[in-house]
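Undergrad: Attaching a predicted model along with its sequence, questions to come.
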Amino acid sequence: MTALQTFLSENAADELISWQHQQQAATQFGVSLAEVEEAILTLQLLPARYQRNQQMLSTTQQLQLFRSKVAVIGAGGLGGYILEQLARLGVGQIVSIDDDIFEENNLNRQLLSSPANLGRVKVEVAAERIREINPAVSLTPVQAWFDKQSGGELLAGADCVVDAVDNVTARLELAEVCCQLKMPLVHGAIAGWYGHVATVLPGDDSMQTIYRHWQGGKGVEQQLGNPSFTPAVAASLQVGEVCKVLLGQGRLLRNRQLVFNLLDMEVDEIPL
Amino acid sequence: MKVTVKLFATFRAGRFNIEVRDYPAGTTVADVVKDLELPGEKLGILMINHRHVDLDRVLSEGETLAIFPLVGGG
């Protein structure tokens, strides 16, 4: 057993390692918080921050999440909530891709936006936020526009990709790139009181079916905009799917589209 | 012929949620879309009896047509 492992074993209480001990271990042994996190989980111990994940997720699954890489395209309405939830869940490597900066009209719904962040690069704010809430996981900010040309490089090594973009062109290109790279894609889209989610595995044509009648423009979000709660609903459903994809658990929302209407509080499942 | 039309999300405003409507034989999905003055560029999912269809699909007596608007925001 290494000195770090001994330290962790000696400081475990009910198989939990406190944040204080995790930080102390990093300083004392000259390693990163991420390395300490991996060492803790490998010893079948649990960083205390994840104790409310327990029963639902085993320590082995927590380690699996920590060793996973998820790429999130878009750091706006959906993306802000998705990044926050992935970091709190304990996904070890998160890549946040967006080329945009925060504007005043983002403040009604985008979790990462604030008056102080107006004009700032969204993915840089995302990296700061994730360092603040869970410094043991890493967020790689990529200020770039996603398209078919750049896509492959941007998504390299991802175990799962999340669609949090705001236009159909990018969604269809993202689906095409994920299919080529054989990566699972969790799609979500919103407009006003309405939204939908679907999980697309390589070879599925779900995205092409969802946007089969698309003529090139924006959806009804163009008139409706988006309030504070709709992105949070879709984003949470998406992160639930990401968690299942990474752990190979449960029944995925595959070959079906979950459509929600918060105005009439209806949920429909559409076969894809 | 009688056809059940189900509308979703924004398409319900000023129209209906679900209605049994009378159309002449040979009516297509596009004809219903036009009759209900739905914006063509905002069409999302079109389904008849839970199967995805195109605008030129001819409706039959007793079928259920579901029309969802295009949702693409993030």
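TA: Thanks, I have it.
Undergrad: which ones are touching the closest residue to chain A within chain B?
TA: Nearest residue of chain B to chain A: B:Gly73, at 3.1 Å (CB to the nearest CB). For the C-beta atoms, the positions are set from N, CA and C on the backbone; glycine is no exception. Residues in contact with B:Gly73 (CB atoms under 8 Å, 6 or more residues apart in numbering or on different chains) are A:77, A:166, A:189-191, A:218-219, A:221, A:226.
Undergrad: what's the closest non-adjacent residue to it?
TA: A:Glu221 (3.1 Å; CB to CB, 6 or more residues apart in numbering or on different chains).
Undergrad: Strands of the stretch 1-150 of chain A, residue ranges please.
TA: Under the criterion DSSP state E, counting those that start in this stretch, strands of the stretch 1-150 of chain A are mapped to A:16-17, A:46-47, A:69-73, A:93-97, A:138-142.
Undergrad: From the contact counts, what lies against the fourth one?
TA: In other words, strand A:93-97. strand A:69-73, helix A:77-89, helix A:122-133, strand A:138-142 (3 or more CB pairs under 8 Å, 6 or more residues apart in numbering or on different chains; DSSP states H and E).
Undergrad: so which of those gets nearest chain B?
TA: helix A:77-89 (4.6 Å).
Undergrad: and the closest one, anywhere near chain B?
TA: Yes. With CB under 8 Å from any CB of the partner chain as the criterion, chain B is reached by helix A:77-89 at A:77-79.
Undergrad: Neighbour-wise, which one of those leads?
TA: In terms of neighbours by other CB atoms under 10 Å in any protein chain shown, the residues of helix A:77-89 next to chain B top out with A:Leu78 at 35 neighbours.
Undergrad: who touches that residue in this structure?
TA: A:164, A:188, A:190, A:231, A:234-235, A:238, B:74.
Undergrad: among those, which are in helices?
TA: Taking DSSP state H as the definition of helices, the contacts of A:Leu78 contribute A:231, A:234-235, A:238.
Undergrad: Neighbour count and pLDDT for the residues you listed - can I get that in CSV?
TA: Formatted as CSV, the ones in helices among the contacts of A:Leu78 follow (neighbours: other CB atoms under 10 Å in any protein chain shown; pLDDT from 0 to 100):
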residue, neighbour count, pLDDT
A:Pro231, 26, 98
A:Ala234, 29, 98
A:Ala235, 29, 98
A:Gln238, 27, 98
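Undergrad: and chain B, which of those reach it?
TA: A:Pro231.
Undergrad: could you dump the residues of helix A:77-89 next to chain B to a markdown table with pLDDT?
TA: Formatted as a markdown table, these follow (pLDDT from 0 to 100):
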| residue | pLDDT |
| --- | --- |
| A:Gly77 | 98 |
| A:Leu78 | 98 |
| A:Gly79 | 98 |
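Undergrad: just curious, which of the ones in helices among the contacts of A:Leu78 is nearest to A:Arg52?
TA: Within the set of the ones in helices among the contacts of A:Leu78, A:Ala235 lies nearest A:Arg52; the separation is 19.6 Å, counting by CB to CB.
Undergrad: nearest to chain B, of the ones in helices among the contacts of A:Leu78?
TA: Distance to chain B across these (CB to the nearest CB) is lowest for A:Pro231, with 7.6 Å.
Undergrad: per the record, what domains does chain A have?
TA: A:15-20+A:28-63, A:68-271 (automatic domain parsing).
Undergrad: Buried deepest among those domains, which one?
TA: Highest mean neighbour count among those (mean count of other CB atoms under 10 Å in any protein chain shown): domain A:68-271, with a mean of 20.
Undergrad: got the contact list for A:Gln93?
TA: Applying CB under 8 Å, 6+ apart, we find A:Gln93 in contact with A:68-70, A:137-138, A:140.
Undergrad: Please tabulate the residues you listed in a markdown table and include distance to A:Leu111 as additional columns.
TA: A markdown table is the format used below for these (distance: CB to CB, whole Å):
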| residue | distance to A:Leu111 |
| --- | --- |
| A:Ser68 | 22 |
| A:Lys69 | 22 |
| A:Val70 | 17 |
| A:Val137 | 17 |
| A:Ser138 | 19 |
| A:Thr140 | 19 |
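Undergrad: Relative to A:Gln23, which of the residues you listed is nearest.
TA: A:Gln23 lies nearest to A:Val137 out of the contacts of A:Gln93, by CB to CB, at 14.7 Å.
Undergrad: per-residue confidence for that closest one?
TA: For A:Val137, the pLDDT comes out at 98.
Undergrad: give the contact list for residue 47.
TA: Using chain A. With the criterion set at CB under 8 Å, 6+ apart, A:Pro47 makes contact with A:16-17, A:19, A:22, A:37, A:40-41, A:90, A:136.
Undergrad: wrong one, chain B
TA: Applying CB under 8 Å, 6+ apart, one finds that B:Met47 lies in contact with A:270, B:53, B:65-66.
Undergrad: just the residues you listed now: which is nearest A:Val259?
TA: Looking across the contacts of B:Met47 and measuring by CB to CB, the closest to A:Val259 is A:Ile270, at 6.0 Å.
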